[in-house]
Structure formats: C-alpha cells, structure tokens
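Q: coordinates only, sequence not included:
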C-alpha cells in the first residue's frame, strides 16, 4: 500500500485469502521437497524420506495456516513489525507443540533436533512474510495504475457534459432540484477522486449509485426504470469502492440510452453464506455494442476485483435473450462496525 | 441580413431525446431574443417524429442532437434534406469526438453542449445564410449505417425500415425498394447501398441486392424458350424469383446451408 508521500506502507498478507494460502502451501512444500532431495543419497530413498518429513511438516503447516486464518482480523490492525514478530512467535510455538506431539507417536519422524526445527520454522516464517511484503510492494504501482485507469474510465465526458447541461436547465425553473443534483455530482466526483484501495461498505456504494441514478433520471425521465432487490443485502459488507456504480452507468449507457421506450435495470444483491452475490441486468441492444466503452469498463472492474480479492472474486457477463446480465461474486467481508453490533 | 432576421423571427425546430436539453435550448433562445428574434415552431424527441412535424410545419433551422436512440442526428439530417422545404441543420452534442471530427472535415455546423448563447446566435446566422446542408457532406460525415431509407412522396417523407426491405433493384437513375407490402423508388446508388448495408444485403446480380436473412433457396431458372438460364433465388415474403448472375453465383450459393 502507499501513503500520501508515495512511500509504500507494509502490511501482512491476507491470511484468509485463498491465493495467499495456496502460495504458502506451494512454497513450503517445494522447499521441503528440495531439502529432502538434497539430503538423500539414492533415488529410492526419496519418496519414503519425503513422506517421513511430511508427517511432521504438514501438521505444522496446516495448524499455522488455521491459526493465522482465525487470528488475521486481530493481527491486521497492528504495526507491521510487531505483527511480524507475533506471527513468527506463533509459528515457533505451533512447531514446538506439534513437534513434541508427533515425537510421542513416531520417534523416527523427528530425526532432526527440536532447536533446529524451531530455527527453521522461524526463518521459514520470516522469509515467507518477506516474500509477501515484496510482492505487495511490487503490486502497489499496479494498484495506483488501476486507480488512474478507473478514474479515466469513470469520468465519461458524455455523462459529465450532459449532466451539466441538465443542471443548467434546472437552475431557473427548479433551483432546489438543481442544488440536489449538484450535490449528487459532488459526491460522485469525490468518490472518483478518493483513494480507491480502501474497501467501503456496501451501504455507501449503494448510496452513491442512487445519487448517480438521480442525475440520470433527470436527463432520461421515464425512460430510466430501476428495480432494486437488495432487502437481503448485508449493508455492512465491505466492497471495493466504485465496484457497482460503473456497472450501473454501463447499464444506463448501453441499455437505456439507445432505446426509445422505457428500459428497466435490475439490481439484485444477496449474501450467500460467506459470499456476496450481485446480479445486474439491462435491456440488450446488439447494434449498439460497437460502443467500445463496455469492454474497457468491465476489464477495469475485473482487474480491481482481482487486486482486492485475488482469485476469490469473479465477474461474468453476457447476453441472455434480450437482456444483458452481469454477475459478480465476492467474498463476504464484514465491516468492523457490524462485527461489534452482532 | 442581420436587420431582416431581427424583424422576421427565425423559425427554429428542436430535436433532442432529453427533455432538460430541450428546455435549456429554449431558455437560451429566449435570452437571445433582444438581439436575434426566433420562434420555436416545434420540438421532437426523435427524428421520426420530427420528420412528420416538419412536413407540415417548416422551419428555417433545426437544432439536432447527435446521440439519439435508433435514428441519430446525422441520419435524421439525411432524411430531412428530402423535405420540400428542408431546414438548415445545426448539430448539438455533449461529447462525441468522432461526430465532431466528421463535422469539421465536412464543414457541417455543430455546437457543443452546454451551448453558449453567443455561439448559438453565430451558428444560426451562418446556417440561415448558407441554407440546408449538402447531401454529400452528410453522407460523408455518417459513421453508422442508417436504420431507414427515405422516400419523398407528395411532400411527406416515408421511412422504410432497412429490416423490412426484401430486395433492392437498380433501374435507370432510381433504385426500386421492395418490401412485403409494396415498392418504393429512391434516389440512391446501388453500389453505395451495398457498401452501407453490406451486412444486411448481398449482391446477386449487377443490378440487384437481396436481404441475406430472407434467402429461402435457389432453383434452376428457365428462360422463355425453356432453356436453362442459370440460377434464381427464392425469397421469403415475395413470389418473384430473381436471377443470380453467373459472376455472383459462387459467392451467393454458400449463403444457403440446407
């Protein structure tokens, strides 16, 4: 992450993320196989030796991952250096405990001494944390880039100038409504220019979308019809900022504006266990798909979802009959506010 | 010119699919009234409506939004020049860099929204002086195929949806447009129609284009002497069989899979 001076701010990897967990599993196991391959004298010993090491390494690995998964929400807010020390101590403790437990049942599994095992666990943990820190720093420019792209993709000149023109038309006849529209525009642009790397609550994102739709309603009148089905939506869920608004803007631009009659946009958001599932549907006008914007906006949102959630978020889209549908599936993260309430 | 236009109000017609944009335009015209008198003779939310209204209520100037659903501003302008008394056209757009570039190249008048009163006045004075746009300039500025062909009949414009056309046949200086119900004559060139609507029609003969999706099949045609005279195409919606030239046969026959 990056602070205002452009200095990277280090943070622990998200131990609840499938991508992070998978990386840890792969790296530790490859390291173990390398160590085994170096230590054995003949090929025949390779498999039995690896299995023997696995009986002690895997329980430690799994126990550490489970512990970090559960403890992540408490570790994450801590100062990075302090969190690193805690994680390392935790890994060492888990190692010594499991080492002791496994030795009771199977003395042969623990051919290396306890001191060596603890040292290796500590060094392994520190190296892995360093790897994630470097990876995070390497990705930070990508995040900044994605933010810039988001900004550019977001301020559609078509929308900006048409909205200004619509507000101008209100100033004499309905100054109060003109004020409200300018306030909505201010909210929208504030969000556009804000730091897009901090997650926001779903409630805030929905409020933003409603403000945006009020502006469009002014221009399009009866042609714009929106059906919200969000009673089952957890309002304190954490989502990337502007994950919904650009999709809705797309739906208006490609689905409602090209039509002469009223066009309906449906927005459904529900929570399914630990997933947040969103569906967006709008009228499909195949002859208007040459407007390039659609694919760019979708690619941009996909990229930002990947940066926030790695492999855990999916976005799919396509025409189903005369409707164009977008499905987004995100891991459900609660904001701290709700955790305290419940 | 300025003195005469200040005495006789310039008749203006406004076409925009967004109500606030039309309201705004009328406000600006109102602001201009002391220096440049205008009267708004009508307004429409789309090109089709505007063509019907303009046939009975002629205007000197039409202010036409470029981005409108179905029939965009440029297509409207191409149909409008067939009116008996076509208006001079000024395009308006919030942001359409392709359209603006095309207007520049072809010397068509346009205004960027939000529109300033002084710009609007200058554009209207210029437009009234120079009259309706040239057909050629409008054709060149068009970036997308039209949705309709227009036929001028007794002062009215009849719009024929492209999707209703079964075939187009060139005869002398006109092109016959055949729909399920009837025939129309349009002043167009078959080659240009083929270029504009290549995805919809296919050439089967030097003088004939047929709708691709309406091809039912082919049969051996016979000439009056009973001799085989190559292939003819069968189309949905009409009984006629249209001859396929030897030259086009190779590319046409692959269109029917059955």
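A: The structure has been received and is ready for your questions. Note that the structure is a prediction, hence the values are computed from the model and not measured.
Q: doesn't residue A:246 make contact with residue A:205?
A: No. Applying CB atoms under 8 Å, one finds residue A:205 not in contact with residue A:246, separated by 10.9 Å. Placement of C-beta: from N, CA and C, glycine included.
Q: what ranges of chain A fall below the confidence cut-off?
A: A:1-9, A:105-112, A:141-155, A:195-197, A:288-296, A:336-342 (pLDDT under 70).
Q: redo that, cut-off 80
A: A:1-10, A:102-113, A:137-156, A:192-198, A:286-297, A:299-300, A:303-304, A:307-308, A:310, A:335-342 (pLDDT under 80).
Q: can you pull out the low-pLDDT segments for the stretch 151-258 of chain B?
A: Short version for the stretch 151-258 of chain B, where the test is pLDDT under 80: B:155, B:221-229, B:253-258.
Q: in the stretch 151-300 of chain A, which spans are strands?
A: For the stretch 151-300 of chain A, the strands defined by DSSP state E, counting those that start in this stretch occupy A:200-201, A:224-229, A:238-239, A:263-272, A:275-283.
Q: chain A: helices as residue ranges?
A: Along chain A, counting by DSSP state H, helices occupy A:18-39, A:43-75, A:80-105, A:114-154, A:157-171, A:175-193, A:202-220, A:245-250, A:293-309, A:336-341.
Q: can you state the direction angle for the first one and helix A:293-309?
A: Computed with axes from the mean of the first three to the mean of the last three CA atoms, to 10 degrees, the direction of helix A:18-39 lies at 60 degrees from that of helix A:293-309.
Q: at the contact with chain A, which residues of the stretch 1-150 of chain B appear?
A: B:17-21, B:23-24, B:27, B:46, B:67, B:69-70, B:94-96, B:112-115, B:144 (CB under 8 Å from any CB of the partner chain).
Q: would you mind listing what in chain A touches chain B?
A: Residues of chain A lying near chain B (CB under 8 Å from any CB): A:157-158, A:160-162, A:164-166, A:168-170, A:172-173, A:218-221, A:257-260, A:290.
Q: can I get the buried part of the residues you listed as one PyMOL selection?
A: Buried subset of those, written as a PyMOL selection, criterion 16 or more other CB atoms under 10 Å in any protein chain shown:
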select buried, chain A and resi 158+161+162+164+165+166+168+169+170+218+219+220+257+258+259
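Q: I'd like the average pLDDT over stretch B:126-136.
A: Taken as a whole, stretch B:126-136 has a mean pLDDT of 88.
Q: run the chain-centre distance for it.
A: Relative to its chain's centre, stretch B:126-136 lies at 16 Å (CA atoms, centre = their mean, to the nearest Å).
Q: list the contacts of that stretch.
A: For stretch B:126-136, contacts defined as CB atoms under 8 Å, 6 or more residues apart in numbering or on different chains pick out B:1, B:5, B:10, B:60-61, B:77-78, B:80-81, B:86-90, B:108-109.
Q: one step back: in helices only, show me the residues of the stretch 1-150 of chain B next to chain A.
A: B:19, B:20, B:21, B:23, B:24, B:27.
Q: can you give me the helices for chain B?
A: B:2-7, B:19-32, B:47-56, B:73-80, B:97-105, B:117-130, B:135-141, B:190-196, B:246-252.
Q: quick one: buried residues of the last one?
A: If you call a residue buried by 16+ other CB under 10 Å, then helix B:246-252 has these buried ones: B:248, B:252.
Q: contact partners of that helix?
A: Contacts of helix B:246-252 (CB under 8 Å, 6+ apart): B:202, B:203, B:204, B:205, B:206, B:218, B:230, B:231, B:233, B:244.
Q: just the buried members of those residues?
A: For the contacts of helix B:246-252, buried by 16+ other CB under 10 Å: B:202, B:203, B:204, B:205, B:218, B:231, B:233, B:244.
Q: contacts only, for the third one.
A: Looking back up the chat, that one is residue B:204. B:210, B:233, B:242, B:243, B:244, B:245, B:248, B:252.
Q: chain neighbours aside, what residue packs nearest to the third one?
A: It refers to residue B:242. Leaving out its chain neighbours, the residue that sits closest to residue B:242 by CB to CB, 6 or more residues apart in numbering or on different chains is residue B:233, at 5.2 Å.
Q: and what of the first one?
A: Take residue B:210 and drop its neighbours on the chain: the residue closest to it by CB to CB, 6+ apart is residue B:167, 4.4 Å away.
Q: so that neighbour touches residue B:205, yeah?
A: No. With contact defined as CB under 8 Å, residue B:167 does not count as touching residue B:205 (9.9 Å).
Q: shared neighbours of these two, which are they?
A: The contact lists of residue B:167 and residue B:205 share residue B:242, where a contact means CB under 8 Å, 6+ apart.
Q: what's the PyMOL syntax to select whichever of the contacts of stretch B:126-136 are buried?
A: In PyMOL syntax, the buried subset of those is picked out as below (16+ other CB under 10 Å):
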select buried, chain B and resi 5+10+60+61+77+78+80+81+86+87+88+89+90+108+109
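Q: what's the burial count for residue B:14?
A: 25 (other CB atoms under 10 Å in any protein chain shown).
Q: wouldn't it be in contact with residue B:59 here?
A: No. Residue B:14 lies out of contact with residue B:59 (CB under 8 Å); the separation is 9.3 Å.
Q: so how far is the first residue of stretch B:109-118 from its last?
A: 14 Å (CA to CA, to the nearest Å).
Q: and that stretch, what's buried?
A: Applying a neighbour-count criterion of 16+ other CB under 10 Å, one finds B:109, B:110, B:111, B:112, B:113, B:114, B:115 buried in stretch B:109-118.
Q: buried subset of the residues of the stretch 1-150 of chain B next to chain A?
A: Neighbour-count burial (16+ other CB under 10 Å) is assigned, among the residues of the stretch 1-150 of chain B next to chain A, to B:17-21, B:23-24, B:27, B:46, B:67, B:69-70, B:94-96, B:112-115.
Q: from the contacts of residue B:204, which is closest to chain A?
A: Among those, residue B:210 lies closest to chain A (CB to the nearest CB), at 20.9 Å.
Q: surely residue B:111 is in contact with residue B:94?
A: No. Counting by CB under 8 Å, residue B:111 sits too far from residue B:94 to count as a contact (10.4 Å).
Q: quick one, phi/psi of residue B:172?
A: Residue B:172 adopts backbone torsions of phi 50, psi -120, taken as degrees, to the nearest 10.
Q: next one: the nearest residue to residue A:17 once chain neighbours are set aside from residue A:132, what distance?
A: Closest residue to residue A:17 apart from its sequence neighbours, by CB to CB, 6+ apart: residue A:310 at 5.3 Å. Distance from residue A:310 to residue A:132, counting by CB to CB, to the nearest Å: 12 Å.
Q: shared neighbours of these two, anything?
A: Joint contacts of residue A:310 and residue A:132 (CB under 8 Å, 6+ apart) are residue A:20.
Q: so who does the spatially closest residue to residue A:285 that is not a sequence neighbour touch?
A: Excluding its sequence neighbours, the residue lying closest to residue A:285 (CB to CB, 6+ apart) is residue A:258, at 4.5 Å. Counting by CB under 8 Å, 6+ apart, residue A:258 touches A:285, A:287, A:288, B:69, B:70.
Q: out of the helices of chain A, deepest packed?
A: Compared across the helices of chain A, helix A:245-250 shows the largest average neighbour count, a mean of 22 (mean count of other CB atoms under 10 Å in any protein chain shown).
Q: ok so, going back, distance to residue A:280 added to the contacts of residue B:204, as a markdown table?
A: Formatted as a markdown table, those follow (distance: CB to CB, whole Å):
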| residue | distance to residue A:280 |
| --- | --- |
| B:210 | 40 |
| B:233 | 44 |
| B:242 | 46 |
| B:243 | 51 |
| B:244 | 47 |
| B:245 | 50 |
| B:248 | 46 |
| B:252 | 43 |
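Q: need the max-distance pair from these.
A: Put simply, by CB to CB the two of the contacts of residue B:204 set farthest apart are B:210 and B:245, 12.3 Å from each other.
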